[in-house]
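# Turn this into a structure:
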Amino acid sequence: MLDANNFQYFQADQDDTSTCATNCVASSGVPFLTYTISPSTAGIAFNPITRTAVLADKNVTFAQHSFLDPQSQSLASMTGFAGAVRAGKSGSPELGATNVAFQPFSNTAVSFNPLLNQVSLLDPTALQRLAIIATGQNGVATGCTTGCTFTTPTSVTIPGAIAVDSVHNLAFAVNSGSSNISEIKLGKIKTVQIQQVITPAIDAPTIPVPRNFLRP
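Just a heads-up that it's a prediction; the model follows:
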């Protein structure tokens, strides 16, 4: 973290170059906070209200989801087991979560596992999975690079993605293998109800009486 308001995320990749004609700007700074994450971390999303970040690691058997809280400067992780929800902590570890998103109004993280074709709703506070929703589609597509016409082409795996419409409380899972999108209703957010308003007492104003208004 560069400071209290700026965050940078880096992932190892091949070197690249970029060229611009005019008005080129480059910035740098001293890290404010630094966290070490797994090299197989595939997805990251932020809650714009709480500023909490959720990270998804697709290739570990524990702590597949991590939550970074910049206010407390803490990092908490949760482990997912196949088919387990709430406080369930038994079964085989679940692999394949590649994409995450946030519903900020309910502080719910949404994770997409294209290998299992399922969407998980996560509670960052309780560090639990609230529900598992099967898409019934194919979340992974397979393509090839420029050598498709070769005898042994190089295959490329293209996982799906997840996004949240916070206003309409919907999640959209992009199923790369099925070439379609699954729309998921995230439930009902309870509206705010104001039952009582208490205001502090206000003292009566003291207005001084001018001398010429006083009778002799």
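# who's the most centrally placed residue in the chain bridged to?
Central residue of the chain (CA atoms, centre = their mean): A45, 3.0 Å from the mean position. As for beta bridges, A45 partners with V54 under DSSP bridges.
# That one reaches S111, doesn't it?
No. Judged on CB atoms under 8 Å, A45 makes no contact with S111 at a distance of 9.2 Å. Yep, even glycine has a C-beta here, placed from its N, CA and C like the rest.
# overlap in contacts of the two?
Counting by CB atoms under 8 Å, 6 or more residues apart in numbering, the shared contacts of A45 and S111 are 54, 100.
# Tell me the secondary structure at G43.
Three-state call for G43 (DSSP: H, G, I helix; E, B strand; the rest coil): strand.
# and what of V30?
coil.
# any idea how far it is from F46?
22 Å (CB to CB, to the nearest Å).
# for the residue nearest to the centre of the chain, what are its contacts?
53-54, 100-102, 109.
# and if we set it to 6 Å?
Taking CB atoms under 6 Å, 6 or more residues apart in numbering, we find A45 in contact with 54, 100-102.
# quick one: which of those residues sit in strands?
54, 100-102 (DSSP state E).
# Columns pLDDT on top of the residues you listed, output as JSON lines?
What follows is the ones in strands among the contacts of A45, written out as JSON lines (pLDDT from 0 to 100):
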{"residue": "V54", "pLDDT": "95"}
{"residue": "V100", "pLDDT": "96"}
{"residue": "A101", "pLDDT": "96"}
{"residue": "F102", "pLDDT": "96"}
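# The residues you listed: which two are farthest apart?
Largest separation among those by CB to CB: V54 and A101, giving 8.4 Å.
# Have a look at these two and say which one is more surrounded.
A101 (25 against 22; other CB atoms under 10 Å).
# Quick check: bridge partners of that one?
Beta bridges link A101 to V110 when assigned by DSSP bridges.
# looking at it, it is touching I162, isn't it?
Yes. Using CB atoms under 6 Å, A101 is in contact with I162, at 5.0 Å.
# Identify the contacts common to the two.
With CB under 6 Å, 6+ apart, A101 and I162 have common neighbours V110.
# if we can go back for a sec, going by distance to T154, which of the ones in strands among the contacts of A45 wins?
So of the ones in strands among the contacts of A45, ranked by how close each gets to T154 (CB to CB), first place is V100, at 28.3 Å.
# Report the contact partners of that closest one.
Counting by CB under 6 Å, 6+ apart, V100 makes contact with 43, 45, 54, 56, 109, 111.
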